[in-house]
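>>> Return a 3D structure for these sequence lines:
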Amino acid sequence: MISFKSLSCMTTLLLGLTACTQQPQPIPSQKIVVPSSDKAKILHKRTPVSYFIWIAHPHNADRVKSYKNFLQQQGVRLTVPDFELLRSARGWQECHYDQYDVPDQNVWVNIVPTLNLLSVLVQNGVLTDFEITSSYRSPALNHCVNGAQSSSHMQNAAVDFRIGSEFPSADEAIAIADSKLKLCKFWQTEGQQYNMGLGVYSTGQIHIDTKGFRTWGPDLSWHSSICGEKIP
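Numbers count the residues shown, from 1 in each chain. Down below sits the predicted model:
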């Protein structure tokens, strides 16, 4: 005799839903509360379907939970949603890799000062409209996307992000340029105390880490960095 519960699960499977897996129902967006000197700013970012699919796997969900618990214990105040924090690299598809990844536990601690720096940039209004595009990269993925051989992404010590939209309008491009100047000025005046590395690329991608006070531009040297000259 088939119980009502079993019949319900069978019906659910036929409809192509996931209720019988007992996975938590996804929320449409993640709210991030960003404290600032005047008032808290609340950011709502819609979570991609691809992230829901990835984290529905119990192994991924368990790793994310452990990683976030560690960051919380370290006093990290996240200023980005989970799906951004866990993005691997922009070339993940060509490299047949997962779009999201959790670093190995032995390098978890390396991201703490970088995420704290990111929080300072947000609190000080240096960064407002931005999106993380890459965080931890395994050595195999880093090699595939032609990352630097000693990339701090492999050490889980860096994040790449984009300011504004991927294809900005002319007006937005002006605002983006202004934000980059604010970022450069912060690096010049405050960066040394955070051991801040800042790379600004012609693609619009920006890299920050806490592995050394330095800056670079498209040719990977300080000569091409927009932060090389004193900003008033």
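
>>> mind showing which ranges of the chain have poor pLDDT?
In the predicted model, the chain carries pLDDT under 70 at residues 1-43, 232.

>>> next structured bit after the helix of greatest length in it?
For the chain, the longest helix by residue count, based on DSSP state H, is helix 170-190. As assigned by DSSP states H and E, the chain's next helix or strand after helix 170-190 is strand 197-200.

>>> so what strands line up beside that next one?
Take DSSP bridges as the rule and strand 197-200 pairs in its sheet with strand 205-209 (antiparallel), strand 214-216 (parallel).

>>> which one of the ones you listed is the most hemmed in?
Highest mean neighbour count among the strands paired with strand 197-200 (mean count of other C-beta atoms under 10 Å): strand 205-209, with a mean of 20. No exception for glycine: its C-beta is placed from N, CA and C like everyone else's.

>>> Could you export the strands paired with strand 197-200 as JSON lines, including distance to residue 46?
Listed next are the strands paired with strand 197-200 as JSON lines, based on distance: least, C-beta to C-beta, whole Å:
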{"stretch": "strand 205-209", "distance to residue 46": "22"}
{"stretch": "strand 214-216", "distance to residue 46": "33"}
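
>>> Among the ones you listed, single out whichever gets nearest to residue 66.
Closest to residue 66 of the strands paired with strand 197-200 is strand 205-209 (C-beta to C-beta; 23.1 Å).

>>> all strands for this protein, in order.
Using DSSP state E, the strands of the chain run over residues 29-34, 41-46, 130-134, 158-163, 197-200, 205-209, 214-216.

>>> what ranges do the helices span in the chain?
Counting by DSSP H, one finds helices in the chain at the ranges 4-14, 49-55, 58-73, 82-85, 112-123, 139-144, 170-190.

>>> Now find how far off-centre the fifth one is within its chain.
Computed by C-alpha atoms, centre = their mean, to the nearest Å, the chain-centroid distance of helix 112-123 equals 12 Å.

>>> Using CSV, write down the CA coordinates of it.
What follows is helix 112-123, C-alpha atoms only, in CSV (Å, rounded to 0.1, in the frame of the first residue of the first chain):
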residue,chain,number,x,y,z
VAL,A,112,39.9,37.6,5.6
PRO,A,113,42.0,40.8,5.3
THR,A,114,40.9,41.3,1.6
LEU,A,115,37.2,41.0,2.5
ASN,A,116,37.8,43.4,5.4
LEU,A,117,39.4,45.8,3.0
LEU,A,118,36.5,45.5,0.7
SER,A,119,34.2,46.3,3.6
VAL,A,120,36.2,49.5,4.4
LEU,A,121,36.0,50.6,0.7
VAL,A,122,32.2,50.2,0.8
GLN,A,123,31.8,51.9,4.2
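
>>> Kindly calculate the angle that it makes with helix 170-190.
When axes from the mean of the first three to the mean of the last three C-alpha atoms, to 10 degrees is applied, the directions of helix 112-123 and helix 170-190 differ by 120 degrees.

>>> can you check the third one too?
Interaxial angle of helix 58-73 relative to helix 170-190 (the same axes, to 10 degrees): 50 degrees.

>>> quick one: buried residues of helix 58-73?
For helix 58-73, a neighbour-count test (16 or more other C-beta atoms under 10 Å) marks 60, 63, 64, 67, 68, 71 as buried.

>>> And those residues, which two are furthest apart?
Maximum pairwise distance in those, criterion C-beta to C-beta, is 16.5 Å, between 60 and 71.

>>> and the end-to-end length of stretch 192-199?
Stretch 192-199 has its terminal residues 15 Å apart, counting by C-alpha to C-alpha, to the nearest Å.

>>> Stretch 47-62 now?
19 Å.

>>> contacting residues around residue 208?
Contact partners of residue 208, counting by C-beta atoms under 8 Å, 6 or more residues apart in numbering, are 114, 117, 118, 121, 158, 159, 161, 196, 197, 198, 199.
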